[in-house]
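1. sequence plus the predicted model coming up.
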Amino acid sequence: MAILVKIFGELRYKIKDQVIKDNSPLNIHLGPENINTISDILNLFSIEKEETSHIFVNGVYSGFEKRVKDGDRVGLFPRKMCLLYKWYFTRAND
């Protein structure tokens, strides 16, 4: 298995060697080696924390220190796709 990372909006352009054809999210499968938290994924793709608005792990609104493991699904949303989650939900961290 792998960690499925779905990258939305303008964050897709940060990923090198990817062809972006439409508005669909970019789906990347990562091996779990050296990936322990959301911050590790952001660092891997050179995405600054300030560039993100919302992060979901397996459908749960999550923070940067949320632990990820083999088989997890991660969604990364940019600032321009901000939702009202931060006012109504608490981020899940480990």
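-> Thanks, I have the structure now.

2. what kind of secondary structure is residue 12 in?
-> Classification of residue 12 using DSSP: H, G, I helix; E, B strand; the rest coil returns helix.

3. quick one: contacts for it?
-> 18, 20, 25, 26 (Cβ atoms under 8 Å, 6 or more residues apart in numbering). C-beta: built from backbone N, CA, C; applies to glycine.

4. between those residues, which sits nearest residue 46?
-> residue 18 (13.4 Å; Cβ to Cβ).

5. quick one: contacts for the nearest residue to that closest one once chain neighbours are set aside?
-> Spatial nearest neighbour of residue 18, chain neighbours left out: residue 26 (5.8 Å); criterion: Cβ to Cβ, 6 or more residues apart in numbering. Contacts for residue 26 (Cβ under 8 Å, 6+ apart) come out as 6, 7, 8, 12, 15, 18, 20.
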